[in-house]
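*Asks:* Attaching a predicted model along with its sequence, questions to come.
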Amino acid sequence: MSELDDNLTALATRFDTALAAAENERALDDVRVAFLGRSGEVTAVRRGIGALPPAERPAAGKVINAAVESMEGKLAAALTRLESAEIEKSLADSIDVTYPGTPARIGTIHPVRLVLAEIARYFTRHGFAVVLGPEIETDANNFDALNIPPDHPAREGHDSFYLRPDLVLRTHTSPMQVRAMRENGPPIAIIVPGKCYRRDAVDARHLYQFHQVEGLLVGPGVHFGHLKGMLAGMCRAVFGAQQRVRFRPSFFPFTEPSAEVDVSCPGCNGAGCRTCSGSGWIEIGGSGMVHPSVLRNVGYDPDAVTGWAFGCGLERLAMKRYDMNDIRDFVENAPPFLEQLN
């Protein structure tokens with residue numbers, strides 16, 4: 001076994017030399033792999049046991065195991081020394097206790113939710129209730145009850161997300177107006193915020209999922225002037241007292257008469273720029289007097305009560321509020337973008 005002893009002695013010398021040169025934990029692990037790993041030098045020595053006479057093999061195995069145990073002990077001791085040295089070094093580093101600490105990143109409310117909260121505060125101050133409804137709606141509530149005919153383009157499968165022929169992901173929050181009126185007699189004053197879904201191609205102005213807020217007031221003597229006053233007040237509450245608002249005649253199946261609602265462009269203050277396509281105005285939604293057929297569909301008497309309704313995209317309002325050009329910024333989860341708006 002003298003040859004084995006000589007090999008182990010030489011191996012121990014090389015091991016000690018490599019161990020002394022290891023200056024960090026990674027280098028120490030490299031030494032362990034080189035000598036004690038599956039393809040290391042100790043494995044090569046173990047293979048030589050097969051060439052020994054059978055009577056000498058058990059003793060040779062014990063000698064090799066003892067050498068391995070010694071190496072493992074030295075590795076553990078070297079690791080302890082390196083860890084202690086690292087701790088002492090960190091304690092020795094000078095610390096300037098007057099230097100400002102790293103500020104914690106604190107979450108903030110999403111800008112779309114901020115705009116919704118301001119709208120909700122405005123309407124609740126005026127006696128409106130905030131109600132929520134299901135995002136999966138019946139085809140009847142989403143279209144029929146709102147006077148939207150079967151041949152309307154919105155009812156096409158390429159415009160709406162149908163789950164089955166009679167169920168659809170709501171395309172607007174207006175179905176909740178139907179539900180609320182069927183469950184409560186007039187007078188009724190509500191706003192309905194929530195998610196809506198349409199098969200729109202995603203671009204700087206469109207998302208297939210977006211947020212909307214509807215408003216509804218029904219009672220005796222309600223007229224278009226009430227609608228204009230409430231919406232103008234809402235826009236000034238959200239955008240500032242200087243905000244200008246205009247109403248343009250339009251058409252919606254569920255209101256008559258109907259009007260588009262525009263606000264003056266924040267980029268040019270009405271002078272005309274690229275953001276508003278030179279018009280000086282930005283459209284934020286639609287509005288109008290509730291169509292008599294809608295009132296009849298929910299059991300109201302259009303000869304006894306009248307009402308108005310409006311619907312606005314919350315992302316569109318937030319884009320106007322923060323002078324943004326791309327609606328996709330709201331959903332791309334970029335903290336720097338969200339932080340600059342709060």
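*Replies:* Thanks, I have it. Numbering: from 1, shown residues only.
*Asks:* List the buried residues in stretch 236-253.
*Replies:* Neighbour-count burial for stretch 236-253, counted by 16 or more other CB atoms under 10 Å, picks out 236, 237, 238, 239, 243, 244, 245, 247, 252, 253. In short, each C-beta sits where N, CA and C put it, glycine included.
*Asks:* Contacts only, for residue 297.
*Replies:* Residue 297 is in contact with 144, 145, 146, 147, 178, counting by CB atoms under 8 Å, 6 or more residues apart in numbering.
*Asks:* Scan the residues you listed and report the most crowded one.
*Replies:* Highest neighbour count within the contacts of residue 297: residue 146, with 25 neighbours (other CB atoms under 10 Å).
*Asks:* thought it was touching residue 178?
*Replies:* Yes - counting by CB atoms under 8 Å, residue 146 touches residue 178, with 6.7 Å between them.
*Asks:* just the buried residues of stretch 236-253: which has the poorest pLDDT?
*Replies:* Minimum pLDDT for the buried residues of stretch 236-253 is recorded at residue 243 (85).
*Asks:* what separates that one from residue 114, distance-wise?
*Replies:* Using CB to CB, to the nearest Å, residue 243 is found at 17 Å from residue 114.
*Asks:* do the same with residue 224
*Replies:* Separation of residue 224 from residue 114 (CB to CB): 30 Å.
*Asks:* So for these two, which sits in the more crowded spot?
*Replies:* Comparing residue 224 with residue 114 by other CB under 10 Å, the one with more neighbours is residue 114, at 18 against 15.
*Asks:* Wasn't that one part of a helix?
*Replies:* Yes - assessed with DSSP: H, G, I helix; E, B strand; the rest coil, residue 114 lies in a helix.
*Asks:* Check what pLDDT it gets.
*Replies:* pLDDT recorded at residue 114 is 92.
*Asks:* now do the one 3 residues further on
*Replies:* Each residue has a pLDDT score; the one for residue 117 is 95.
*Asks:* Using just helix, strand and coil, how would you label it?
*Replies:* Following three-state DSSP, residue 117 is assigned to helix.
*Asks:* same question, residue 249
*Replies:* Using three-state DSSP, the structure places residue 249 in strand.
*Asks:* related to what we said a few turns ago, may I ask which two of the contacts of residue 297 are separated the most?
*Replies:* Greatest spatial distance among the contacts of residue 297 (CB to CB): 147 and 178, at 10.5 Å.
*Asks:* Give me the common contacts of the two.
*Replies:* Counting by CB under 8 Å, 6+ apart, the residues touching both residue 147 and residue 178 are 294, 297.
*Asks:* Now do the buried residues in the lengthiest helix in the chain.
*Replies:* Looking across the chain with DSSP state H, the single longest helix is helix 57-92. Neighbour-count burial for helix 57-92 flags 60, 63, 64, 67, 68, 71, 75, 78, 82 (criterion: 16+ other CB under 10 Å).
*Asks:* Brilliant, that's me finished.
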